[in-house]
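J.: Here is my input, please return the structure:
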Amino acid sequence: MTEIFHVPARLERCCHDGKVTRLPIKVDEVYAASGVGTKVYACPGHAPLYGGCPTKPAHDGGTTG
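T.: Alright, predicted model coming up:
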């Protein structure tokens, strides 16, 4: 069976309003002195506020659905 819709590997919270988005767009990375960092995501509607491109969903190098 062929999948019609893209299914992201996981859901993320928008850094602007905290709502869960199915189309996360990576807008920043936060680094720590310990070397462990985190990625910051926004929803397509808020990504332009942070310089993100609203047409490219974020991928972490995992498998795509």
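J.: Below-threshold pLDDT in this protein: ranges please.
T.: For the chain, the stretches with pLDDT under 70 are 1-9, 52-65.
J.: then stretch 31-45 to CSV, C-alphas only?
T.: Provided in CSV are the C-alpha atoms of stretch 31-45 (Å, rounded to 0.1, in the frame of the first residue of the first chain):
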residue,chain,number,x,y,z
TYR,A,31,24.4,24.1,22.6
ALA,A,32,25.5,23.3,26.1
ALA,A,33,28.9,23.2,27.7
SER,A,34,28.4,19.5,28.3
GLY,A,35,28.3,19.0,24.5
VAL,A,36,24.7,17.9,24.6
GLY,A,37,22.5,20.2,22.6
THR,A,38,18.9,20.4,21.5
LYS,A,39,17.1,21.5,18.4
VAL,A,40,14.4,24.2,18.5
TYR,A,41,11.4,23.8,16.3
ALA,A,42,8.5,26.0,15.2
CYS,A,43,5.2,25.2,13.4
PRO,A,44,4.9,26.3,9.7
GLY,A,45,3.0,29.4,10.7
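J.: For that stretch, which outside residues touch it?
T.: 12-17, 19, 21, 23-30, 49-50, 52, 54, 58, 60 (CB atoms under 8 Å, 6 or more residues apart in numbering). To be clear about C-beta, it is placed using only N, CA and C from the backbone, and glycine gets the same treatment.
J.: Strands of this structure, start to end?
T.: 12-13, 20-21, 25-30, 38-42 (DSSP state E).
J.: got a markdown table for those strands, with mean neighbour count too?
T.: Shown next, in a markdown table, are those (neighbours: other CB atoms under 10 Å):
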| stretch | mean neighbour count |
| --- | --- |
| strand 12-13 | 18 |
| strand 20-21 | 16 |
| strand 25-30 | 16 |
| strand 38-42 | 19 |
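J.: check contacts around residue 12.
T.: 20-21, 24, 41, 58.
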